[in-house]
Every structure is written in C-alpha cells, then in structure tokens.
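Student: Need the 3D shape of this:
(one chain, ligands or ions: 1)
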Amino acid sequence: MILALAGGVGGARLAAGLAQVLPPQGLTVAVNTGDDFEHLGLHICPDLDTVMYTLAGRHDPAQGWGLAGETWHMLQALQALGGEAWFRLGDRDLATHLQRSQRLREGASLSQATAELCQAFGVQHAVVPMSDQPVRTRVQTDEGELAFQDYFVRRRCAPRFVGLRFEGAEQAQPSPGLLQALQAPGLQAIVVCPSNPLLSIQPMLAVPGIAQALRQRRVPLVAVSPIVGGAAVKGPLAKMMMEAGQAPSALAVAQHYAGLVDGLVIDEADAALRPAIQHLGLQVCVTQTLMVDADRQRALAQAVLDMVARR
Ligand code: FO1
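Tutor: Numbers count the residues shown, from 1 in each chain. The predicted structure is shown next:
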C-alpha cells in the first residue's frame, strides 16, 4: 500500500499516475485542505476536488482544476447581480460544492462527504482530506496577511510573499483515513507528490499528528520535485521561493525536504544537481517528470515505485 500526499494540479497528476499502476486498495491519496474556504455560503475544497476530478478523468486538462466541458451560467448571472465572481465556480462544479456543503450541514465529516463524492464520481482509490478539522492557510505578504484564495486567486499571487500561517493546524488531527494509511501494516512507502512544498505540503506537516507519524514511519518517504530547470511546473512556487530569498531549483527543494524525505525524484533537465542532492544524504532518481499526458503520469508513478522498491 502506498500513501501519497498531494495538493494542487501536480499532486493530482501524480496521484492519477499512481492510480493507473496500483489497485484501488493499494493507494491512499491524502490531500491538502489548507486551501479550503467558505465562499458564497459553500464549503469549497479546491485540492480535494482537483484530485477527485483528475482521478475520475473528469478534470479540465487545460486549467488543471475544475471540470471538463464546464459552463458558466451561474457565475455570469451572479456577476449581473453584482455578486462576487472573482472565484470562478462552474455550473457543474457548483453541484459538488452544494452537495458537500449540504452533507457537512447534516453532520457528515469532511472525510465522509469526500468519500461519498468520490464514489459518485467513480473514483475507486481512497482520497482523504488531511484532516476533518478546519486548517486555513494564511499568506503573510508585504501587504499584510491574506486568506489563501485571496492571495492565490483574487490577487493572483501579486503581493510579495513573506511567510505562512496555518490557522487551526495545532488543534487539528489527521483524518481517520490518513491515520489508517499511516498505521497500516501493509504500508510500503510514502510519496510526496510534485505539489507546492510551501502551499500544499507544509499545511499537512503543520498538523502535529501528521508530522509525528511521518517522523516515526518505518517505510521510505520519497518526494518528486515540482521545480524543473529552475522554474515551477505550474503555479507561484518559483516566485515565492525567490521572494523568500531562495533561488528556485530542485536542489532548493531537496534542502527544503532534507530531514523529512529519504529520496528525491528530479527531472532529466536537473541531472547535474544529482551529486549536490546526494550530498544532503538523499537518494536521487533522475527521470522525465513533466506529466504532459496519462502515459507520462503512469511512467513517473512507476519510476517512483521502482525507486522505493530498490531501497
Ligand atoms: N484557480 C484560479 O486561479 N481561479 C479560479 O477562479 C479558481 C476557481 C476554482 C474553483 C473551484 C476549484 O476547485 C478550484 C478553483 N481554482 C481556481 C483553483 C484553486 O484556487 C487552486 O488551484 C488551489 O487552491 C491551489 O492548489
């Protein structure tokens, strides 16, 4: 059994690759919920939905998030009423948020609501939130502290990044599904997907029970670098790293994860960084990491599994 930690589009793509090569009972994907927020009275879980839609093969491939073949009638009507349209909720996607919000109001946990939605979308592998308690990523910037989606979508990551705060993390516990995977006798490895280490993985590590379980693990933990050739494959990671005073590179990712992971998968474009990363005490696997299609998702997943099998 493999446990994957994921958030965002890169995380969803590797999760989909792992789902291609592992049977349903052989994979649990634990997903960042630090990006979740209440919007228009709805409980929105962008990363859970991105993973769910991608595993279901229903995601919008160009955008990475949201559903393929989406229409935007509700958003246009809302805008005409003078409502908030900065966060683009598509008509079909809206049904997911309505159903999740309703189930939470009825007393279901986020884990239960997620499992029900995944079943409805035909997702067979386990997709679980990192926690059932609210954890909210707050981005500290030169313009003050912003709620995550305010920084990410409304402000398009324009304010200068200073730091992060994960509201509620100290009081949160790992979700039952994540805890079960972490404690499973059959757990073979933990994979940190090529998600943003700061925005997608750090919130998970801020939940004390998750950090503790990862420290006490008895299985290999490998990460895949989301930085290729000095640039982020997607999203604001490179900009954030530069603003934090760090040149974006696979080596910087290795330095960030050193002490947590046993190995790092890097792209062929970064092969020259292998010795420097090994010098940090990490095993290195060099392969093609750009998941441009389902075949490349599967190939990267297989390379990750081969790496952990060699240990
Ligand atoms: N990202 C955007 O850049 N703009 C949007 O309007 C937007 C809407 C949206 C709606 C539903 C959803 O599940 C995700 C959405 N995202 C949008 C993506 C999301 O904000 C980010 O991808 C994640 O939070 C970061 O991983």
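Student: any idea where the strands of the protein begin and end?
Tutor: 2-6, 27-31, 37-39, 42-44, 126-129, 136-141, 144-147, 161-167, 189-192, 221-224, 227-228, 231-232, 263-267, 283-287 (DSSP state E).
Student: Relative to the ligand, which of those strands is closest?
Tutor: Closest to the ligand of the strands of the chain, according to C-beta to the nearest ligand atom: strand 42-44, at 6.1 Å. Backbone N, C-alpha and C define where each C-beta goes, glycine included.
Student: Paired strands for the closest one, with orientation please.
Tutor: strand 37-39 (antiparallel) (DSSP bridges).
Student: Give the buried residues for the partner strand.
Tutor: Residues Phe37 are the ones in strand 37-39 that count as buried (16 or more other C-beta atoms under 10 Å).
Student: and it, average pLDDT?
Tutor: Averaging pLDDT along strand 37-39 gives 98.
Student: do it and the ligand meet at all?
Tutor: No: among the residues of strand 37-39, none lie within reach of the ligand under C-beta under 6 Å from any ligand atom; the closest is 8.8 Å away.
Student: How far off centre is that strand?
Tutor: What separates the centre of strand 37-39 from the centre of its chain is 18 Å, taken as C-alpha atoms, centre = their mean, to the nearest Å.
Student: got a list of contacts for it?
Tutor: With contacts defined as C-beta atoms under 8 Å, 6 or more residues apart in numbering, strand 37-39 is touched by 44, 84, 87, 89, 136, 147-149.
Student: Equivalent analysis for stretch 304-311, please.
Tutor: 2, 14, 18, 21-22, 188-189, 191, 219-220, 222, 224, 262-263, 265, 283, 285.
Student: again, only using 7 Å
Tutor: 21, 188-189, 191, 220, 222, 224, 263, 265, 285 (C-beta atoms under 7 Å, 6 or more residues apart in numbering).
Student: Let me know the closest of the residues you listed to Ser109.
Tutor: Using C-beta to C-beta, Val191 is the member of these that lies nearest Ser109, at 24.9 Å.
Student: and that closest one, what does it touch?
Tutor: Neighbour list for Val191: 2, 4, 222, 304 [criterion: C-beta under 7 Å, 6+ apart].
Student: 6 Å - rerun?
Tutor: 4, 222, 304 (C-beta atoms under 6 Å, 6 or more residues apart in numbering).
Student: just Pro194 next, same as before
Tutor: Residues counted as contacts of Pro194 (C-beta under 6 Å, 6+ apart) are 10, 224, 226.
Student: Give me every residue in this protein lying close to the ligand.
Tutor: Counting by C-beta under 6 Å from any ligand atom, the chain comes close to the ligand at 7-8, 35, 46-47, 49-50, 65-66, 87-89, 93, 149, 152-153.
Student: Just the buried residues of these.
Tutor: Members of those classed as buried by 16+ other C-beta under 10 Å are 7-8, 35, 46-47, 49-50, 65-66, 87, 89, 93, 149, 152.
Student: Restricted to helices, list these.
Tutor: In this view, those that belong to helices under DSSP state H are 8, 46-47, 49-50, 93, 149.
Student: out of the contacts of Val191, who's nearest Arg58?
Tutor: Using C-beta to C-beta, Ala4 comes nearest to Arg58 of the contacts of Val191, at 19.2 Å.
Student: Next, count neighbours for the closest one.
Tutor: Ala4 has 29 neighbours, counted by other C-beta atoms under 10 Å.
Student: didn't it look like it was pressed against Ala30?
Tutor: No: contact criterion C-beta atoms under 6 Å: Ala4 and Ala30 do not qualify, at 7.1 Å.
Student: Can you check the pLDDT for the residue of the stretch 101-250 of the chain found nearest the ligand?
Tutor: Minimum separation of the stretch 101-250 of the chain from the ligand (C-beta to the nearest ligand atom) falls at Val153, amounting to 4.2 Å. Per-residue confidence (pLDDT) for Val153: 97.
Student: again, but for Ala254
Tutor: Ala254 is given a pLDDT of 98.
Student: any idea how far the closest residue to it other than its chain neighbours lies from Trp86?
Tutor: Of all residues not flanking Ala254 in the chain, Ile277 sits nearest, at 4.3 Å (C-beta to C-beta, 6 or more residues apart in numbering). Ile277 sits 39 Å away from Trp86, going by C-beta to C-beta, to the nearest Å.
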